[in-house]
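# sequence and predicted structure, then a few things I'm wondering about:
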Amino acid sequence: MEQQIQDHQAEIQAELENQENIHQIYEEYIDAHESTLHTHDEDIKNNILLIKMIRTLKTDFMNDFEASSRYILTPRFHFQNLSSL
């Protein structure tokens with residue numbers, strides 16, 4: 001009878017340790033997943049910033065291009081304003 005009680009207690013102890021291990025594994029998984037989500041959010045923010053930078057550069061380029069298209073290179077290699085022609 002004493003042996004059965006000890007076996008039963010050992011079984012309960014093993015199950016408790018198993019539950020603790022499972023709980024720890026889940027906590028580690030959740031921590032890893034949260035950091036992945038954080039990294040994913042940071043990637044999204046960085047991509048948005050990159051898109052904004054590209055749009056700004058494109059706008060600047062187009063403005064510069066429009067400004068430069070008002071000038072032509074004459075045979076004497078001088079820039080001349082087209083609006084004065």
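Received, thanks.

# C-alpha from now on. contacts and neighbour counts both.
Noted.

# and the helices in the chain, which stretches?
2-68 (DSSP state H).

# pick out the residue nearest the middle of it.
D43 (0.9 Å; CA atoms, centre = their mean).

# so where's this structure uncertain?
The model of the chain has pLDDT under 70 over residues 37-38, 65-85.

# can you report how many residues lie near F61?
12 (other CA atoms under 10 Å).

# hang on, I meant I22
By other CA under 10 Å, neighbour count at I22 equals 12.

# measure it to I30 for me?
From I22 across to I30, the span is 12 Å (CA to CA, to the nearest Å).

# so what touches stretch 13-24?
Taking contacts as CA atoms under 8 Å, 6 or more residues apart in numbering, no residue outside stretch 13-24 touches it.

# ok, H40 - contacts?
Counting by CA under 8 Å, 6+ apart, H40 has no contacts.

# mind doing that once more with 10 Å?
H40 makes contact with 34, 46, according to CA atoms under 10 Å, 6 or more residues apart in numbering.

# ok, it to F61 distance?
Relative to F61, H40 is positioned 31 Å away (CA to CA).

# for Q3, same thing?
In this view, Q3 and F61 are 85 Å apart by CA to CA.

# how about E20?
61 Å.

# go on, L16?
From L16 to F61 the distance is 67 Å (CA to CA).

# equivalent analysis for H23, please.
For H23, the distance to F61 - CA to CA - is 56 Å.

# Y26 too?
From Y26 across to F61, the span is 51 Å (CA to CA).

# over to S35?
Going from S35 to F61 by CA to CA gives 38 Å.
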